[in-house]
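A.B. asks: coords below, sequence missing:
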DNA sequence: TCTGGGGTCCTAGGACCC
DNA sequence: TCTGGGGTCCTAGGACCC
């Protein structure tokens, strides 16, 4: 039996832990650059704020209804996530951390009343981490996801589902008739794996509810749609097709991209941004002990400014020898940037993606054919020295905070970083920076 | 004025191999 | 009219997830 544990309105809940005055009020958390709403409290949802709703379109709700908007504080959310995941992990032999606010638990071999245990877990997460959760149980991951949806909706919208299913819902422990009634009351688009496109096609074909989907013939679904949707149908029928993945493979690509706080025209400013983004991906690359064989750089103007001349450039830069060294990666990224940069455009976004990974320490070297590469061969010993340097940089930045040690080409002063994000409403890093720790006065 | 940032998997089609 | 029969690898694009 699987459970899905999911934090309610997670980013908003994290903020409310340290600002209890926000409880009961409409709150949204905004994306980078305070662009659009990426988390909404129930009260904000009730005001009609959509997921991804641009802030400039709903900001009038600030005055009209006291909507509170906060800039995203991902350092805080990541730390709160760790706390929540740790409590959940203590209730089952295996856990898959599926996203920042969700984990699957595998209760195989666990005896006793699972609903009671999940209720206790939910209470403990609320007490210890301060995060309210919904828990869904089912014999497959897709059914656990569906159960979680029912648990949260039953709590948020009284009357939508039987109220005893609120907070914790177990689809694996009920009569078929009861399960089918719940499926018939749920739209097909709520199913994990059914997105807007497939959902539209299904509804057009008369498959409107989860029950309609669960009753389709998996073989026919595979023919007409795909093997992916076939698995979804089988999982709804109770046959596990998607395994719990508690040891995710290393990533195959690592990306860092951002929209700028202001439009950028100068190549120099793009270069500081590309340096910073490359430093970030290089750090992540080293954390998973990989080396990259190539990287992609891209820059583009804003599609939301149709009156501006539009340009989008991207290029793949192969690396002579796979590396995880920040300075080598940055040199290649900047070489790529020089190739794609065009004068006279107002750039809105840039990004760097690392690809073609190999495990570090097992790096394929090149055959020296005496060709003029222009790159001096420093040999394996030099590579080893550099990896020590990188390890030192990473450990300094872990200890003293990101950005303590950087490449100078990332820009040392604010004036050299005009692209930096707009974050006018960010809350303190309550749990990760000593100087920002909240102080309680008795 | 103002519109996020990361990922994965599957499929179809083309190039190429013997 | 009729043009072999298998394969692999790579890429682009589309769909999904949070």
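C.D. replies: Thanks, I have the structure now. For clarity, every value in this text was computed on a predicted model and none was experimentally measured.
A.B. asks: How about the residues of chain A by DNA strand B?
C.D. replies: Applying Cβ under 7 Å from any atom of the strand, we find that chain A lies next to DNA strand B at A:31-33, A:35-36, A:38, A:52, A:54, A:56, A:226-228, A:251-259, A:263, A:284, A:302, A:304-305, A:348-349, A:351, A:353. Every residue, glycine included, has its C-beta placed from N, CA and C.
A.B. asks: Just the ones of the residues you listed in strands?
C.D. replies: Counting by DSSP state E, the residues of chain A next to DNA strand B place A:38, A:254, A:255, A:256, A:257, A:258, A:259, A:263, A:348, A:349, A:351, A:353 in strands.
A.B. asks: can you put the residues you listed in a markdown table and add pLDDT and neighbour count?
C.D. replies: What follows is those, written out as a markdown table (pLDDT from 0 to 100; neighbours: other Cβ atoms under 10 Å):
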| residue | pLDDT | neighbour count |
| --- | --- | --- |
| A:38 | 95 | 16 |
| A:254 | 94 | 22 |
| A:255 | 93 | 17 |
| A:256 | 94 | 19 |
| A:257 | 93 | 15 |
| A:258 | 93 | 18 |
| A:259 | 93 | 19 |
| A:263 | 93 | 16 |
| A:348 | 93 | 21 |
| A:349 | 93 | 19 |
| A:351 | 94 | 19 |
| A:353 | 93 | 20 |
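A.B. asks: so who does the residue of the stretch 151-300 of chain A found nearest DNA strand C touch?
C.D. replies: Proximity of the stretch 151-300 of chain A to DNA strand C (Cβ to the nearest atom of the strand) peaks at residue A:195, 2.3 Å away. Neighbouring residues of residue A:195 by Cβ atoms under 8 Å, 6 or more residues apart in numbering: residue A:189.
A.B. asks: May I ask which two of the ones in strands among the residues of chain A next to DNA strand B are separated the most?
C.D. replies: Farthest-apart pair in these is A:254 and A:263; separation 26.6 Å (Cβ to Cβ).
A.B. asks: on that earlier part again, nearest to residue A:426, of the ones in strands among the residues of chain A next to DNA strand B?
C.D. replies: If you rank those by distance to residue A:426 using Cβ to Cβ, residue A:38 comes first, at 13.8 Å.
A.B. asks: Just to check, that closest one is in contact with residue A:31?
C.D. replies: Yes: counting by Cβ atoms under 8 Å, residue A:38 touches residue A:31, with 4.8 Å between them.
A.B. asks: Quickly list what's touching both of these two.
C.D. replies: By the contact definition Cβ under 8 Å, 6+ apart, residue A:38 and residue A:31 are jointly contacted by residue A:72.
A.B. asks: Tell me who's in contact with residue A:3.
C.D. replies: By Cβ under 8 Å, 6+ apart, the contact set of residue A:3 is A:92, A:104, A:105, A:107, A:114, A:118, A:135, A:136, A:137, A:144.
A.B. asks: Which of those residues fall within helices?
C.D. replies: A:114, A:118, A:144 (DSSP state H).
A.B. asks: any idea of the pLDDT on the first one?
C.D. replies: For residue A:114, the pLDDT comes out at 98.
A.B. asks: Quick check: it vs residue A:141, distance?
C.D. replies: 15 Å (Cβ to Cβ, to the nearest Å).
A.B. asks: Please apply the same query to the second one.
C.D. replies: For residue A:118, the distance to residue A:141 (Cβ to Cβ) stands at 16 Å.
A.B. asks: ok, is stretch A:81-96 in contact with DNA strand C or not?
C.D. replies: No: Stretch A:81-96 lies apart from DNA strand C when judged by Cβ under 7 Å from any atom of the strand; the minimum separation is 11.0 Å.
A.B. asks: what's the pLDDT at the nearest residue to residue A:7 once chain neighbours are set aside?
C.D. replies: Leaving aside its chain neighbours, residue A:7 sits nearest to residue A:101 (4.0 Å; criterion: Cβ to Cβ, 6 or more residues apart in numbering). Listed pLDDT for residue A:101 reads 96.
A.B. asks: ranges for the strands of the stretch 101-250 of chain A?
C.D. replies: A:102-106, A:133-138, A:168-170 (DSSP state E, counting those that start in this stretch).
A.B. asks: between those strands, which one is nearest to residue A:68?
C.D. replies: Among the strands of the stretch 101-250 of chain A, the nearest to residue A:68 by Cβ to Cβ is strand A:133-138 (22.3 Å).
A.B. asks: Walk me through which strands the closest one pairs with, and which way each runs.
C.D. replies: Taking DSSP bridges as the criterion, strand A:133-138 sits next to strand A:2-7 (antiparallel), strand A:168-170 (parallel) in its sheet.
A.B. asks: what comes up buried for that strand?
C.D. replies: A:133, A:134, A:135, A:136, A:137, A:138 (16 or more other Cβ atoms under 10 Å).
A.B. asks: In this structure the second one contacts residue A:152, no?
C.D. replies: By that I understand residue A:134. Yes: Residue A:134 lies in contact with residue A:152 (Cβ under 8 Å); the separation is 3.9 Å.
A.B. asks: so what sits against both of these two?
C.D. replies: Counting by Cβ under 8 Å, 6+ apart, the shared contacts of residue A:134 and residue A:152 are A:6, A:8.
A.B. asks: Distance to residue A:10 for the strands of the stretch 101-250 of chain A - can I get that in a markdown table?
C.D. replies: Output for the strands of the stretch 101-250 of chain A, formatted as a markdown table (distance: least, Cβ to Cβ, whole Å):
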| stretch | distance to residue A:10 |
| --- | --- |
| strand A:102-106 | 9 |
| strand A:133-138 | 9 |
| strand A:168-170 | 18 |
